[in-house]
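Undergrad: With the sequence up front, the predicted model follows.
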Amino acid sequence: MDAAKGIAAEVDLDFLWEVAGQEEFGFAELGAEYFGHAPLPLEAAGLILALHNAPIYFYKKGRGRYKAAPEASLKAALAGIEKKKQQALIQAGYVEELKAGKLPQSMQPLVHQLLFKPDKNTIEYKALEAAADELQTTAQRLMLGNGGLASPKELHMARFLFEHFPRGAGFPQVEVPKAPGELPLADVAAFSIDDVTTTEIDDAFSVAKLDDGTVRVGIHIAAPGLGIRPDDAIDKIARARMSTVYMPGDKITMLPDEVVDAFTLAEGNDCPALSLYAVLNPQDWSVVSTVTRAERVPVKSNLRHNDLDAVVNEETLASGEGDYPHKEELGFLWQWALQLEAGRMKKREAFGLKPEQANRVDFNFYVDDDVVSIVRRKRGAPLDKIVAELMIFANSTWGKLLHDSGVPGIYRSQTPGAGGWAAKMQVRMVTHAAPHQGLGVDQYAWSTSPLRRYTDLVNQWQILACAEHGVTAPLVAPFKHRDATLFSIVSAFDAAYSAYNDFQQNMERYWCLRWLGQEQAKHVDAVVLKDEIVRLTEIPLVVRLPGMPQVARGAQVRLDIVRWDEVDLTLEARLLEVAAAPAADTELVLEEEEDTGEAAVAEVVEAEGAVAAVSPDPTTTA
């Protein structure tokens, strides 16, 4: 065999192909012509090996029989082999450049595609994988090391944008719609309450004392539904995005800035709004009547949390101390918010749930030039509670209006799962009125954030039909019962909103890890959530500590930070010590998350989803 292999290696394949002709032949026949005599056993074996190892020159047609490849096919095959050789050389060059910390020029425009949706047959991908394997790293880290990506932050952003905004997060040029010019002007002086970073101001309030001793509270919601129409250019943009995407220090809005500017409830303007007026009896806080109308609302003030949080608290509201804008109106709204909350708690108990927990902490993220500030704020602060309770009231009232008018809407419903009360309660989106037991209301239709949630814009169209047309609303509302488009909106919104929420939580986790490095944190305090899961006290970072001894829920512990990874968003820490007793102001009661879900974050979601974020999922592992 060694001798036969030597003969096979000496065979001139090009000459052999020329003398073979185009007819099928046996190897012995070709051997006689090639060698000039009947081939000896070693020569016959060598020829068989040569023919068998040259499939581009000779096609096997049977046992010992072959046929020479057509000339065109042979040339194409040889060209392919040469191309592969050249590609292999180029690929090898790419590998060496990547290993040297350089990004090949041809790979620069392909960075995102190579990382997130690669064509594994390309030499660029093969080179990236080969270099990563040789350096014992990952493709992501290799790209970060050689300048393909500037930072882990860019990596997380690029992955999200590549998947959900493949054409970019910008907007095409659009004509800004206008609200009808004949809208009546409301006789109110409205004010909003938002975080300092809020630009999409969806809601504002007004308070007016009436001659009969009752008080009229106005809940005024920005009304882009008066200008945007179903299936117009801006509606298609909003439906494609479904929601504003929030992350610490930035956001991707659902609507173009010029459209937001046209409908946001900005200070000093008469803004188109959908208003819900509730007439209250201040003696027993009963709601005497409600009315919904479209109008222009004069917005007197845009109040900001950073200006008021220090002076508007439960103590100053109770004592009447302090001097701040709309003091009397805020005091009245605070009292009503407490009554609304008490009513919801009774309803929750009627549904068989425990009251909401009030000892939880929220966190606001502020990012300035890549420096992050994470500010703790206790959930249930007066300004938050005022906004949350009035938004829940409006969403519940308008949900009832839709139901009573026979007009479908998009509702948030929360009832026990198939396993009964022992199962985790799930929040579902449905197109008919159904209880939201976690919030303690009979129905709940998201309607108060039409500038940043598409479901709210859809509901606003339906509510406007009810307000303008009364009993004939089912005939003129944009969406009818069992409308396939409405069902598709619900499905698409659920998917998009879940993806956006996951991204927001990932970015919050990233900024929490950045905060550790920024503060040069070595030892940190944490609170035990359950079993091996703890949450840092100063930031909403949840960590699993495998092997941690059994510690009471809510107990304070001290951790030694070993290392963290901003690419994988992981943290490694060691338990140093356990405090003697739980700290009352930081204890997290997980039953609230398990049985309410939405109620636990209502204040955050309704006030401003951009900066006030709930803690990441407590089941997230380090």
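TA: In hand now; what should we look at?
Undergrad: Only C-alpha atoms from now on, for both contacts and neighbour counts.
TA: Will do.
Undergrad: Check the residue nearest the centre of the chain and give its pLDDT.
TA: Taking CA atoms, centre = their mean, the centroid of the chain lies closest to Tyr500, which sits 1.2 Å from it. In this prediction, Tyr500 carries a pLDDT score of 95.
Undergrad: what's near enough to touch it?
TA: Val245, Tyr246 (CA atoms under 8 Å, 6 or more residues apart in numbering).
Undergrad: tell me the secondary structure for it?
TA: Using DSSP: H, G, I helix; E, B strand; the rest coil, the structure places Tyr500 in helix.
Undergrad: Any stretches of this structure with poor pLDDT?
TA: By pLDDT under 70, the low-scoring segments of the chain are 358-359, 417-425, 580-622.
Undergrad: Need the single longest strand in it, by residues.
TA: Within the chain, and with DSSP state E defining each element, the longest strand by residue count is strand 286-304.
Undergrad: what ranges do the helices span in the stretch 151-300 of the chain?
TA: 152-164, 233-241, 257-263 (DSSP state H, counting those that start in this stretch).
Undergrad: What of the stretch 301-450 of the chain?
TA: Under the criterion DSSP H, counting those that start in this stretch, the stretch 301-450 of the chain carries helices at the ranges 305-308, 314-319, 327-350, 382-405.
Undergrad: What is the burial count for the nearest residue to Phe365 once chain neighbours are set aside?
TA: Distances taken as CA to CA, 6 or more residues apart in numbering put Ile374 closest to Phe365, at 4.7 Å, once the chain neighbours are dropped. The tally of other residues near Ile374 (other CA atoms under 10 Å) stands at 21.
Undergrad: Report the contact partners of Ile374.
TA: Residues counted as contacts of Ile374 (CA under 8 Å, 6+ apart) are Phe363, Asn364, Phe365, Tyr366, Glu538, Ile539.
Undergrad: try 7 Å this time
TA: With contact taken as CA atoms under 7 Å, 6 or more residues apart in numbering, Ile374 is in contact with Phe363, Asn364, Phe365, Tyr366, Ile539.
Undergrad: can you tell me which of those residues are in strands?
TA: Residues from the contacts of Ile374 lying in strands, with DSSP E as the criterion: Phe363, Asn364, Phe365, Tyr366.
Undergrad: okay, those in a markdown table with neighbour count and distance to Asp211 next?
TA: Formatted as a markdown table, the entries for the ones in strands among the contacts of Ile374 read as follows, by neighbours: other CA atoms under 10 Å; distance: CA to CA, whole Å:
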| residue | neighbour count | distance to Asp211 |
| --- | --- | --- |
| Phe363 | 21 | 43 |
| Asn364 | 20 | 42 |
| Phe365 | 20 | 45 |
| Tyr366 | 20 | 45 |
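Undergrad: hmm, back to that, among the helices of the stretch 151-300 of the chain, which is nearest Phe191?
TA: For the helices of the stretch 151-300 of the chain, distance to Phe191 was read as CA to CA. The smallest value, 15.0 Å, belongs to helix 257-263.
Undergrad: Show me which positions of that closest one end up buried.
TA: By neighbour count on 16 or more other CA atoms under 10 Å, the buried set for helix 257-263 is Val259, Val260, Ala262, Phe263.
Undergrad: Same question for stretch 305-312.
TA: His305, Val312.
Undergrad: Show residues contacting that stretch.
TA: Defining contact as CA under 7 Å, 6+ apart, one finds that stretch 305-312 is touched by Ile193, Asp194, Asp195, Val196, Gly322.
Undergrad: Please repeat the previous calculation with a cut-off of 6 Å.
TA: Asp195 (CA atoms under 6 Å, 6 or more residues apart in numbering).
Undergrad: Tell me how far that stretch lies from the chain's centre.
TA: With CA atoms, centre = their mean, to the nearest Å as the basis, the distance from the averaged C-alpha position of stretch 305-312 to the chain average is 30 Å.
Undergrad: Could you do stretch 124-137 as well?
TA: 30 Å.
Undergrad: residues in contact with that stretch?
TA: With CA under 6 Å, 6+ apart as the test, stretch 124-137 has contacts from Gln91, Tyr94, Val95, Thr138, Ala139.
Undergrad: thinking again about what came up before, got a list of contacts for the longest strand of the chain?
TA: In this structure, residues lying in contact with strand 286-304 by CA under 6 Å, 6+ apart are 183-186, 189-196, 267-280, 467.
Undergrad: circling back to that earlier point, so can I have JSON lines of the buried residues of helix 257-263 showing distance to Gly168?
TA: Below are the buried residues of helix 257-263 laid out as JSON lines (distance: CA to CA, whole Å):
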{"residue": "Val259", "distance to Gly168": "19"}
{"residue": "Val260", "distance to Gly168": "19"}
{"residue": "Ala262", "distance to Gly168": "23"}
{"residue": "Phe263", "distance to Gly168": "24"}
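Undergrad: ok, back up a step: I'd like the helices of the stretch 301-450 of the chain laid out as JSON lines, including distance to Glu129.
TA: Shown next, in JSON lines, are these (distance: least, CA to CA, whole Å):
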{"stretch": "helix 305-308", "distance to Glu129": "49"}
{"stretch": "helix 314-319", "distance to Glu129": "59"}
{"stretch": "helix 327-350", "distance to Glu129": "55"}
{"stretch": "helix 382-405", "distance to Glu129": "50"}
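Undergrad: if you compare these, which one is most tucked away?
TA: Comparing the helices of the stretch 301-450 of the chain on average neighbours per residue, with mean count of other CA atoms under 10 Å, the densest one is helix 382-405 at a mean of 22.
Undergrad: what angle do that helix and helix 327-350 make?
TA: Angle between the axes of helix 382-405 and helix 327-350 is 60 degrees (criterion: axes from the mean of the first three to the mean of the last three CA atoms, to 10 degrees).
Undergrad: how many degrees apart are helix 382-405 and strand 286-304 in direction?
TA: In this structure, helix 382-405 runs at an angle of 130 degrees to strand 286-304, with the same axes, to 10 degrees as the basis.
Undergrad: I would like the residues contacting helix 382-405, please.
TA: Contact with helix 382-405 is made by Asn313, Trp334, Ala337, Gln443, Tyr444, Ala445, Trp446, Ser447, Glu603, Glu606, as judged by CA under 6 Å, 6+ apart.
Undergrad: do you know which of the helices of the stretch 151-300 of the chain lies nearest Pro355?
TA: Of all the helices of the stretch 151-300 of the chain, it is helix 233-241 that lies closest to Pro355, at 35.4 Å by CA to CA.
Undergrad: Not counting its own residues, what contacts the closest one?
TA: Here helix 233-241 makes contact (CA under 6 Å, 6+ apart) with Met254.
Undergrad: same check, this time on stretch 329-337
TA: Applying CA under 6 Å, 6+ apart, the set of residues contacting stretch 329-337 from outside is Val207, Ile386, Glu389.
Undergrad: run the last query once more with 8 Å
TA: Contacts to stretch 329-337, defined as CA under 8 Å, 6+ apart, come from residues Ser206, Val207, Trp285, Leu317, Pro382, Leu383, Lys385, Ile386, Glu389, Leu390.
Undergrad: which one is Arg216 nearest to, not counting chain neighbours?
TA: Of all residues not flanking Arg216 in the chain, Val279 sits nearest, at 4.3 Å (CA to CA, 6+ apart).
Undergrad: That neighbour - how many residues pack around it?
TA: Around Val279 there are 22 other residues, counting by other CA under 10 Å.
Undergrad: For it, name its beta-bridge partners.
TA: Per DSSP bridges, residues listed as beta-bridge partners of Val279: Arg216, Ser289.
Undergrad: Distance check, it against Asp231.
TA: If you measure Val279 against Asp231 using CA to CA, to the nearest Å, the figure is 36 Å.
Undergrad: cool, and Trp461?
TA: Between Trp461 and Asp231 the distance, using CA to CA, works out to 12 Å.
Undergrad: Then Pro282?
TA: 44 Å.
Undergrad: partners of the nearest residue to Gly21 once chain neighbours are set aside in the sheet?
TA: Nearest residue to Gly21 in three dimensions, chain neighbours excluded: Ala68, at 6.7 Å (CA to CA, 6+ apart). The bridge-partner assignment for Ala68, based on DSSP bridges, gives Phe58.
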